[in-house]
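Got a predicted structure plus its sequence, pasted below:
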Amino acid sequence: MSSTLDLIATGSAVGSLLPPLTAIVQKPKWSAGIKPVVAVVAALVGGVATVASAGGLAQFQHGPLPALAGVAAVLAASQTTYDLIWKPSKIAPAVEDVTSGSARTTG
């Protein structure tokens with residue numbers, strides 16, 4: 001069984017790589033209100049997948065804390081790395097543009 005710290009470390013790694021994958025789904029024309037919802041839902045799905053792959057239902061053996069820690073780590077890492085790395089580097093916005101087939105008009 002993975003420890004809570006292992007789940008947090010794995011969740012952080014998954015979350016750090018999630019923003020460019022989320023950008024594949026998102027479209028530049030979507031409203032500013034819908035994009036964060038899509039990003040959070042993607043992070044929650046990624047968190048659940050991370051927990052399931054790192055120990056599955058056995059994570060609930062000692063209560064929900066290990067599973068919740070893994071999901072929270074994915075969410076926190078994805079939002080933080082998007083704001084600090086992926087958005088300023090313009091990688092995530094460029095992925096949105098390429099996968100939507102449109103050119104971004106505002107920067």
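Now that the structure is in, tell me what you want to look at.

Now stretch 35-52: buried residues?
Residues 35, 39, 42, 43, 46, 47, 50, 51 are the ones in stretch 35-52 that count as buried (16 or more other Cβ atoms under 10 Å). The C-beta positions use only the backbone N, C-alpha and C, and glycine is treated the same way.

can you check stretch 23-38 too?
23, 26, 28, 35.

Kindly report the same for stretch 80-94.
By neighbour count with 16+ other Cβ under 10 Å, stretch 80-94 contains the buried residues 81, 82, 86, 92, 93.

Please give me every residue in contact with the first one.
Counting by Cβ atoms under 8 Å, 6 or more residues apart in numbering, residue 81 makes contact with 15, 16, 19.

Export only the CA atoms of the strand or helix carrying the last one, formatted as CSV.
Assigned by DSSP states H and E, residue 19 belongs to helix 4-25. Written as CSV, here are the backbone C-alpha positions of helix 4-25 (Å, rounded to 0.1, in the frame of the first residue of the first chain):
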residue,chain,number,x,y,z
THR,A,4,0.0,9.3,1.9
LEU,A,5,3.3,11.0,1.1
ASP,A,6,3.8,8.7,-1.9
LEU,A,7,0.3,9.7,-3.1
ILE,A,8,1.1,13.4,-2.7
ALA,A,9,4.3,13.1,-4.6
THR,A,10,2.7,11.1,-7.4
GLY,A,11,-0.3,13.5,-7.4
SER,A,12,2.0,16.5,-7.7
ALA,A,13,3.8,15.0,-10.7
VAL,A,14,0.5,14.2,-12.4
GLY,A,15,-0.9,17.6,-11.7
SER,A,16,2.2,19.4,-13.0
LEU,A,17,1.8,17.7,-16.4
LEU,A,18,-2.0,18.0,-16.5
PRO,A,19,-2.4,21.7,-17.8
PRO,A,20,-1.2,21.0,-21.4
LEU,A,21,-3.4,17.9,-21.6
THR,A,22,-6.4,20.0,-20.3
ALA,A,23,-5.5,22.6,-23.0
ILE,A,24,-6.2,20.0,-25.7
VAL,A,25,-9.8,19.9,-24.6
